[in-house]
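Peer 1: Here is a sequence with its predicted model. Questions after.
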Amino acid sequence: MPLTQQIAEDLKTAMKAKDTVALNVVRALKSALKYGAIEKFGAEGELEDADAILVIRKEIKKRQDSVTSYESAARQDLADVEKAEIAVLEKYLPAAMSAEDLVKLVESVLAELGATSKKEMGNVMKVLQERAEGRADNRALSSEVAKRLQ
């Protein structure tokens with residue numbers, strides 16, 4: 001089932017269960033996905049799963065930034081709400097890649113491309129992002145590449 005259909009089904013489920021946190025998060029996510037589709041394809045377009053995962057990661061990043069802000073302002077109650085929302089969003093992401101698999105992927109792409117300097121990092125990251133298929137955070141990918149390039 002495509003991710004957008006899964007989200008629509010989860011919206012119905014959250015309504016029936018009267019789960020307000022999940023309902024609010026899924027509604028916001030559905031809206032963000034629609035905006036992403038409009039940006040990319042126009043009013044009638046629909047995002048594919050790979051693009052939808054990018055939107056979900058963006059929404060999670062927003063909430064992580066909010067958690068950091070709330071915790072620095074000693075507002076743990078608001079930080080807890082954001083963390084609950086992150087948990088709802090994370091269930092739409094594919095299973096995360098293990099650290100060992102991430103290292104193997106980075107090394108194989110570096111060997112394949114013959115990259116040796118930081119100047120080539122952009123090309124390496126482009127290939128890595130395609131091959132990781134949303135299973136690895138871009139920050140983790142870039143830090144692994146940076147360790148290996150001079």
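Peer 2: Happy to help now that I have it.
Peer 1: I'd like the next helix or strand past the helix or strand containing residue 131.
Peer 2: In this structure, residue 131 sits in helix 121-132 according to DSSP states H and E. For helix 121-132, the following helix or strand on the C-terminal side (DSSP H and E) is helix 138-148.
Peer 1: For that following helix, which residues meet the burial criterion?
Peer 2: For helix 138-148, burial by neighbour count (16 or more other Cβ atoms under 10 Å) applies to 141, 142, 144, 145. C-betas here are computed from N, CA, C, even on glycine.
Peer 1: Need the max-distance pair from the residues you listed.
Peer 2: 142 and 144 (7.4 Å; Cβ to Cβ).
Peer 1: From the contact counts, what lies against the helix holding residue 131?
Peer 2: Where contact means 3 or more Cβ pairs under 8 Å, 6 or more residues apart in numbering; DSSP states H and E, helix 121-132 is packed against helix 99-113, helix 138-148.
Peer 1: Let me see the domain layout of the chain.
Peer 2: The record's domain split for the chain, according to automatic domain parsing, is 3-90, 99-148.
Peer 1: so can I have TSV of those domains showing mean pLDDT?
Peer 2: Shown next, in TSV, are those (pLDDT from 0 to 100):
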stretch	mean pLDDT
domain 3-90	92
domain 99-148	85
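Peer 1: State the helix or strand in which the residue nearest the centre of the chain lies.
Peer 2: Nearest residue to the geometric centre of the chain (Cα atoms, centre = their mean): residue 57, 2.1 Å. Secondary-structure assignment from DSSP H and E places residue 57 in helix 49-72.
Peer 1: Lovely, talk soon.
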